[in-house]
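> give the three-dimensional model of this entry:
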Amino acid sequence: MLAGLQYLSLRGNVDSLAHWVITAFLLLPSPATTPVNGIYPATRDHQPPAWFVDVADSAGVRMTDVNGGIQSKRYIIESTGSGVAILDYDNDGWPDIFFVNGTTLDDSSQGMSSKPSSHLFHNNHDGTFTDVTEHAGLLGTAWGQGVCVGDYDNDGYDDLYVTAYGKNRLYHNAGDGTFKEVAGAAGVAGTGKEWGTGCAFVDYDRDGKLDLIVANYVHLNLAETPAPGQASYCTWKGAPTFCGPRGLPSAPNTLYHNLGNGKFEDVSKSSGIQNTTGHHCFSVSTIDYDDDGWPDIYIACDSTPAQLYHNNHNGTFTDVAADAGVAFDEEGREQAGMGSTIGDYDGDGRLDIFKTNFSDDSSTLYHNDGNGSFSDLTFQSGVGINSQDLGWGTTFMDIDNDGWPDLLVVNGHVYPEVDTAKLGSTYREPRIVYHNLGNGKFEDISKTSGPGITVAGPSRGLAIGDLWNDGRLEAVVNNMNDHPMVLVNQAKNANHWLGMRLVGVQSNRDGIGARVKLRAGERTWVDEVRSGSSYDSSNDLRLHFGLGQRSKVEWIEVRWPGGRTEIFDVGDADRLVTLREGFGHVKPQ
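Sure thing, here's the model as predicted:
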């Protein structure tokens, strides 16, 4: 069983390939990540597949995402909320949580004793978290928007990139529990004129170093922006509202190339990323949609067509969204896209795209047809039945480990006026769970999925991860002008699962961009390691596969970001494993 040796990460002024010392364990979970039972346990009291409860308060995850006014919002910046990331910042094998935060226009911070800041919560391994923001050096204040996770310098510790209205921030992980803000020195702060939203670390040129794609929304100058109702683009259904995004100047997206010395180069123009203009962009999801071994980039845009940047293998990209069928809905209309997620929902080995949109429209499901194009199967699949909600964060996640990825969507309107003006929507909205039936169709089971789903909220960012290493995926939600949620599924099932962490050596250390195939019984699963996604958020970088009744895994195939393909022998399911580049069986070309 020559596969995936466990490693010990070292620090010091040594070559990056010497950061790992191989130990004598073969593909076994380390003591730190041995599954733990009894933390918010699932029980037979609730009918599967789902009964979600919010345990944020009992888990000690307490903060407020401050984003402008509560009763009214004069500018669009007050309405979009913030993202959330799940990452193991201290490499103890237990995922931690990072929340992005905003602020207020009048600097009153809503009566708070101090200005709002981001928050980092350390996992205590017992179902609780400790707020370590101050110790970690993450108290910096800004109007934060999105976040993505990646080890950009391959030193063995994951770093954080935070987008903002204003200059963006890059927090370098020092490896001792603290971070240092280095965006200016690294060359990724931006000009401060672009309003940064979604982001993702991605090794687009496969040189082993993580690059950075940043989506931008608009150039927002509050001094030049009309007040609610003062322009044609400052109303909604006849009611005066904040202005935008239509009528506001768009901002092009940004691509930074990693130079390998702690610095990045802005290659937005030379790469072709800025050839697509006039868009208002939110979320970023990387996807190798044509399975050619080179990462492509999908970006959901508000009130404008979505973008699909095809990787040309030479450092340049071409936006092929319209030709590929993912720029518009099936009727050729542009939509107000917010969040996006990637997954193989029908088990055909090809990665599909799901996108959330504004109210009075449904979310969109694009099926990958395998010929470089997609088909809009929103209504055929059953996910087109909800049009009253305004969707933000979303993710494919196998909520019951039955082997078929389900969909979670979090919602919340942008206009507080919808309640008082009776505009056919509500400001606080419940979440949606679509259960995958395994036949290409989904069923909306939201009303029977527990209070964590049905209780309405002003939700924005969403990230998922196995917070307590027990084979269940939790969902963390950043609620605007409200407290966050940590959603745990307490409906018990007898299905099996496998979690895995990838460690690159010649490839980037996180294995971001790796394509993984898993074989168990008669089924094959496919997924990729990605930074970013959902709505301006970043999931746990570990992959999770529900296996249904299959308790054994025949093999795992990993195509590393550099192009090398290896086969790993796994065996028993229901555990977490680490796969290290160079320790599998090399697949013949």
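> pretty sure residue 434 sits in a strand.
Yes - assessed by DSSP: H, G, I helix; E, B strand; the rest coil, residue 434 belongs to a strand.
> my read: it touches residue 441, true?
No - Residue 434 lies out of contact with residue 441 (Cβ atoms under 8 Å); the separation is 9.5 Å. (Glycine included, C-beta is placed from N, CA and C.)
> more crowded one of those two?
residue 434 (27 against 16; other Cβ atoms under 10 Å).
> ok, what's across the strand from that one?
Beta-bridge partners for residue 434, by DSSP bridges, are residue 407, residue 444.
> hmm, back to that, which neighbours do residue 434 and residue 441 share?
residue 382 (Cβ atoms under 8 Å, 6 or more residues apart in numbering).
> for residue 158, give me its contacts.
87, 88, 89, 149, 150, 151, 173, 510, 541.
> narrow those residues to just the buried residues.
87, 88, 89, 149, 150, 151, 173, 510, 541 (16 or more other Cβ atoms under 10 Å).
> which of the residues you listed lies closest to residue 519?
residue 541 (22.1 Å; Cβ to Cβ).
> got a list of what the closest one touches?
Residue 541 makes contact with 87, 149, 158, 501, 502, 510, 511, 512, 529, 531, according to Cβ under 8 Å, 6+ apart.
> one step back: among the contacts of residue 158, which ones are in strands?
Judged by DSSP state E, the subset of the contacts of residue 158 located in strands is 87, 149, 150, 173.
> got a list of what the last one touches?
Shown in contact with residue 173 (Cβ under 8 Å, 6+ apart): 89, 151, 155, 157, 158, 159, 160, 179.
> what separation is there between it and residue 149?
10 Å (Cβ to Cβ, to the nearest Å).
> what touches both of those two?
158, 159, 160.
> can you get me a residue count around the second one?
When you say that, I think you mean residue 159. Count around residue 159 with other Cβ under 10 Å applied: 24.
> rewinding a little: could you export the buried ones among the contacts of residue 158 to JSON lines, including columns for pLDDT and distance to residue 189?
Formatted as JSON lines, these follow (pLDDT from 0 to 100; distance: Cβ to Cβ, whole Å):
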{"residue": "87", "pLDDT": "98", "distance to residue 189": "21"}
{"residue": "88", "pLDDT": "98", "distance to residue 189": "26"}
{"residue": "89", "pLDDT": "98", "distance to residue 189": "21"}
{"residue": "149", "pLDDT": "98", "distance to residue 189": "18"}
{"residue": "150", "pLDDT": "98", "distance to residue 189": "17"}
{"residue": "151", "pLDDT": "98", "distance to residue 189": "20"}
{"residue": "173", "pLDDT": "98", "distance to residue 189": "18"}
{"residue": "510", "pLDDT": "98", "distance to residue 189": "23"}
{"residue": "541", "pLDDT": "98", "distance to residue 189": "24"}
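> pick the one among those closest to residue 361.
Closest to residue 361, out of all of the buried ones among the contacts of residue 158 and judged by Cβ to Cβ, is residue 149, at 30.3 Å.
> surely that closest one and residue 87 touch.
Yes - using Cβ under 8 Å, residue 149 is in contact with residue 87, at 4.6 Å.
> wait, which of the contacts of residue 541 is closest to residue 576?
Closest approach to residue 576 among the contacts of residue 541 (Cβ to Cβ): residue 501, at 7.1 Å.
> what residues are up against that closest one?
If a contact means Cβ under 8 Å, 6+ apart, then residue 501 has 541, 542, 576, 577, 578, 579 as its contacts.
> mind checking which of these are buried?
Buried, going by 16+ other Cβ under 10 Å: 541, 542, 576, 577, 578, 579, out of the contacts of residue 501.
> please report the distance of the first one from residue 284.
Read that as residue 541. Taking Cβ to Cβ, one finds residue 541 at 15 Å from residue 284.
> equivalent analysis for the third one, please.
With distances defined as Cβ to Cβ, the gap from residue 576 to residue 284 amounts to 27 Å.
> got it, and residue 320?
Per Cβ to Cβ, residue 320 is found 16 Å from residue 284.
> fine by me, we can end here.
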